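*Asks:* Quick one, fold the following:
(one chain, ligands or ions: 1)
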Amino acid sequence: MRAYKDKLKETGALIEIKHSVSSRYEAASIGLKYKDKPVFFHAVDGIHRVIMNAVCSREVLADLLGTTPYNIAPYLAGLPESGEGGEVRIIEDSGTKEEIEEPDLSKLPILRYFNGDGGAYITGGVVVAELDGIRNASIHRMLVLDNKRLAVRLVPPRHLYKMHREAMERGEDLKVGIAIGVAPLILLAAATRVPPGREFEYASVLMNKPVELFRLDNGVAVPHAEIVIEGYISRDRAKEGPFMDITGTYDKIREEPVIKLTRVYHRSNPIYHAIVPSGAEHRLLMGVPYEPLIYRAVERVARVRNVVLTEGGCCYLHAVVQIEKEVEGEAKNAIIAAFAAHPSLKLVVVVDSDVNIFKPEEVEYAIATRVRWSEDVVTIPGVRGSSLDPSSKNGVTTKVGIDATRG
Ligand code: MN
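*Replies:* Numbering: from 1, shown residues only. This next block holds a predicted model:
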C-alpha cells in the first residue's frame, strides 16, 4: 500500500491532511467529502497514518489493471477467474514483520464511521483462512469488541462462512490472518468470487506478476501488508451491528462469530487502510467484480458489448447491459442471464450498442423511446435479492428487467 500511496502522491492525486483529526467520525467525514479522491491522513488521533479512498474511481482501477475506465467489464471477463496462469510464492520474510507485538487493538486507528454504527469497524482487512489445503481470502467488516476480540460478519453461504462452519463441526478453531494495507489489486481479488482458494492466483493474473505470501506463526500465509492481525475465528458469538452498509442505510444487528487475536505484525509507522462504508471505494470493490460475471453469463445468450453496475444503484443493485441484438427476444434472455449471474441484482436494463451505458440520460432516453411497457418488461416477484436492500422483506424482493433495445 505504501508504494501505491507514493505513486498517488507523485501524480498529484493524493489529498494530504496534515493536522490531527479524530478517529471518531471526523476522519470518516473528511473521507466522504473527498469521495472520489484518495486521502492520506498524517495524524489520526495525533499519531497514526491512515489512507482512505485508495481505489476510489473507475479511472484509478482501470489504470491499475492496464485498461480503460469504460472497458473494465470486458477486460476482466477475458481473464481466467480460476487464476490459471497466476503464480503464488511462499517466501520467508516480509517487511510486515518489522514489528511483532501482543494484540492490542487500541494501538490501531480503527475508525468509527457513522454515529448509528455499533462501534469502531475494520473495513479494509483481507481475511485469509486455510482449511484442508484451501486458502481463502475475502473482505469482511469487523466490529471491535475489546482490545483482543472482533466480531466478524460472515455472510452465508460464502466461502469463509462455510469454512468456519466446517471447522466448528470438527471442533476446531479457524486460524486467520487479517491483512490491512495490501496492494490494491489484492483487495479487488479478495472481493471477487473466484473458485475456492484461488484469490491469490487471480490476484497474480490481475497484477501480471507473482503474488508473494509469508507465513504467520499460526501457519496462515498472508500477503505483504502494512498491518497483519493474527488470530482465530472461535465458536463464540457476539452482537454485530448496526452498520452503515453499501446502500447508505443501516444493516441490522446479528449474532456473528468472534475472532480472538493472538498477535499483531506491522511495518514501522504503518499506514492503516480504511474503506469508508457506502463510499466510492466500498461500492467499486463490491460491485465491479460482478460486472465480468454478468458479462460472461450474457455472452452465452447474446453478443454482449459491455456491462455496468450503476452508481445510482449503489454499484450493486442495478445493471445496464449493452448488447448487439441479432434476433428478437435476445434481450429477455440477457435479462435472465444477468439475474442468474448476480443474485443481488434488482433491476437490469438491456440497451443497444449505440447507447453509452455510463450516461444515465442515454439509458433513460433508450427507455423513453424504445420500450413498449406492455411487452418489454420482465417481473419476477418473490425472489431472493440483496439483504442490503432496505426495501426487501428479509432479502425477498421483486426483480425487474427492462428490454430497452429497438424493436
Ligand atoms: Mn473464496
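*Asks:* Spit out the contact partners of residue 200.
*Replies:* 83, 86, 88, 135, 137, 186, 189, 211, 213, 223 (C-beta atoms under 8 Å, 6 or more residues apart in numbering). Quick note: C-beta positions are derived from backbone N, CA and C, even for glycine.
*Asks:* For it, which three-state class applies?
*Replies:* helix (DSSP: H, G, I helix; E, B strand; the rest coil).
*Asks:* What does the pLDDT read for it?
*Replies:* pLDDT, residue 200: 98.
*Asks:* and if you look at residue 122?
*Replies:* At residue 122, pLDDT is 98.
*Asks:* Give me the three-state assignment for residue 358.
*Replies:* coil.
*Asks:* One more: the one 5 residues further on?
*Replies:* For residue 363, the secondary-structure state derived from three-state DSSP is helix.
*Asks:* Please tell me I have it right and it contacts residue 319.
*Replies:* No: between residue 363 and residue 319 there is no contact, the gap being 10.6 Å when judged by C-beta atoms under 8 Å.
*Asks:* list residues touching both of the two?
*Replies:* Common neighbours of residue 363 and residue 319 (criterion: C-beta under 8 Å, 6+ apart): 310, 349.
*Asks:* Settle it for me: which of the two has more neighbours?
*Replies:* residue 319 (30 against 23; other C-beta atoms under 10 Å).
*Asks:* Find the helix or strand that that one is a member of.
*Replies:* strand 318-324 (DSSP states H and E).
*Asks:* give me the beta-bridge partners of residue 175?
*Replies:* Beta-bridge partners of residue 175, counted by DSSP bridges, are residue 232.
*Asks:* separation between the residue of the stretch 251-400 of the chain found nearest the ion and residue 361?
*Replies:* The minimum distance from the stretch 251-400 of the chain to the ion, using C-beta to the ion, falls at residue 289 (11.3 Å). When C-beta to C-beta, to the nearest Å is the yardstick, residue 289 and residue 361 sit 27 Å from each other.
*Asks:* quick one: which of those two has more around it?
*Replies:* Applying other C-beta under 10 Å to residue 289 and residue 361 shows that residue 289 carries more neighbours, namely 21 against 8.
*Asks:* pretty sure the more buried one contacts residue 192?
*Replies:* Yes: Residue 289 lies in contact with residue 192 (C-beta under 8 Å); the separation is 3.9 Å.
*Asks:* Identify the residues contacting residue 142.
*Replies:* 121, 122, 123, 125, 150, 151, 152, 153, 178, 259 are the contacts of residue 142 under C-beta under 8 Å, 6+ apart.
*Asks:* one more time with 10 Å
*Replies:* Neighbouring residues of residue 142 by C-beta atoms under 10 Å, 6 or more residues apart in numbering: 105, 110, 120-123, 125, 127, 149-153, 178, 229, 240, 256, 259.
*Asks:* Then residue 86?
*Replies:* 79-80, 189, 198-211.
*Asks:* Just the buried residues of the residues you listed.
*Replies:* Buried residues within these, counting neighbours by 16 or more other C-beta atoms under 10 Å: 79, 189, 198-207, 211.
*Asks:* Nearest to the ion among the residues you listed?
*Replies:* When the buried ones among the contacts of residue 86 are compared against the ion (criterion: C-beta to the ion), the nearest one is residue 199, at 5.7 Å.
*Asks:* Setting the sequence-adjacent residues aside, check what's closest to that closest one.
*Replies:* Closest residue to residue 199 apart from its sequence neighbours, by C-beta to C-beta, 6 or more residues apart in numbering: residue 137 at 3.9 Å.
*Asks:* Strands along the stretch 1-150 of the chain, start to end?
*Replies:* Assigned by DSSP state E, counting those that start in this stretch, the stretch 1-150 of the chain shows strands spanning 15-17, 39-44, 48-52, 88-91, 99-101, 121-122, 125-131, 134-139, 142-146, 149-152.
*Asks:* can you tell me the residue of the stretch 151-300 of the chain closest to the ion?
*Replies:* Sorted by distance to the ion under C-beta to the ion, the residues of the stretch 151-300 of the chain start with residue 159, at 3.6 Å.
*Asks:* need the contact list for that residue.
*Replies:* Residue 159 touches 129, 131, 134, 136, 137, 138, 193, 194, 195, 196, 197, 199, counting by C-beta under 10 Å, 6+ apart.
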